[in-house]
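> Fold the following.
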Amino acid sequence: MPDAIYEVDGDRVVPSPIARGPWSPDAQHGGPPAALLARALERADPGPAEFVARLTVELLRPVPLLPLTVETRTLRPGRKVQWLEASLRADGTEVARATALRLRFDPSLALPVLDPEPLAIPPPAEGSPYAIQFPHTEVGFWQAMELRVAAGSFADVGEATIWFRLVVPVVAGEEPTPLQRVAAAADFGNGVSAALERGRYLFINPDLTIYLHRLPVGEWVALEARTHAEAAGVGLAESALHDEQGRIGRSLQSLLVDRL
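Numbers count the residues shown, from 1 in each chain. Sure thing, here's the model as predicted:
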């Protein structure tokens, strides 16, 4: 298995085979571009508005397994509220973009908020190990994740809760940040749960939005996922996000649903 999802080569970022998705040998899974865009947005324009409260990723077209360039710009500067944008390009064509809402983060405020509720799902140590397998490709992003099933099943229709732990760096030589771990895992929400029988129907998510009220502590991120689908072929996947201490936020994915 490659040592990292991406390697930095000058002004380009080169994906390894472990970035591959399940549907095409030439395209990436949604998790790696989401994590790469998260990396760009948390590093750009540093200042007191540093906490990424919302990250929205738009997958404009299949992201190829080709060298990518990453561009960032500040849409609205601010000390307390700030909007930024990042994009990925392959051979000059924009393939994905993301926007981030960043808020100032000031622990010295010491606001009199209630203590957070304790973890309401089984912790990863109590989960059942699970390995995702796809018949059409041997190497893919699912191998970059260690999985523990807390509730439900990855293979059945209905809700499920699964813990994810990223086991390789997003970029070689860098420890994944908490935001990168969330972004890498959250794209699996469409798949953790399913509204229709797998293998007979296709669920494509062109976007991913993550809302956070705090960053995860530790390496594990759980997706407590549920998928809604309509007979007209549209749907929504939503996941409550947890770390081992409790709830950290929520992710949402729009779905195009069709027959295979």
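
> Any idea which residue is closest to the centre of this structure?
In the chain, the centroid-proximal residue (CA atoms, centre = their mean) is Ala183; its distance is 2.8 Å.

> ok, and what's touching the helix or strand of the chain with the lowest mean pLDDT?
Here the helix or strand of the chain ranked lowest by mean pLDDT, DSSP states H and E is strand 201-204, holding a mean of 93. Contact with strand 201-204 is made by 190-191, 194-196, 227, 229, 235, 237, 255-260, as judged by CB atoms under 8 Å, 6 or more residues apart in numbering. Quick note: C-beta positions are derived from backbone N, CA and C, even for glycine.

> try 10 Å this time
Applying CB atoms under 10 Å, 6 or more residues apart in numbering, the contact partners of strand 201-204 are 23, 30, 59, 157, 190-191, 193-196, 227, 229, 233, 235, 237, 253-260.

> show me what contacts the residue nearest to the centre of the chain?
Counting by CB under 10 Å, 6+ apart, Ala183 has contacts 30-39, 41-42, 52, 55, 57, 98, 166, 170, 176-177, 208, 210, 221, 251.

> just checking, what's the longest strand in the chain?
Ordering each strand of the chain by length in residues (DSSP state E) puts strand 246-259 first.

> in its sheet, what does that one sit against?
In the sheet, strand 246-259 lines up against strand 201-204 (antiparallel), strand 207-212 (antiparallel), strand 234-243 (antiparallel) (DSSP bridges).

> out of those, nearest to Ile162?
Counting by CB to CB, Ile162 lies closest to strand 234-243 out of the strands paired with strand 246-259; the figure is 9.6 Å.

> With only the CA atoms kept, save the closest one in CSV.
Provided in CSV are the C-alpha atoms of strand 234-243 (Å, rounded to 0.1, in the frame of the first residue of the first chain):
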residue,chain,number,x,y,z
VAL,A,234,-33.1,12.2,-6.0
GLY,A,235,-32.0,11.8,-2.4
LEU,A,236,-30.0,13.0,0.6
ALA,A,237,-27.5,11.2,2.8
GLU,A,238,-27.0,12.7,6.3
SER,A,239,-24.5,11.7,8.9
ALA,A,240,-24.1,12.7,12.6
LEU,A,241,-20.4,13.0,13.2
HIS,A,242,-18.7,11.8,16.4
ASP,A,243,-15.3,11.3,17.9
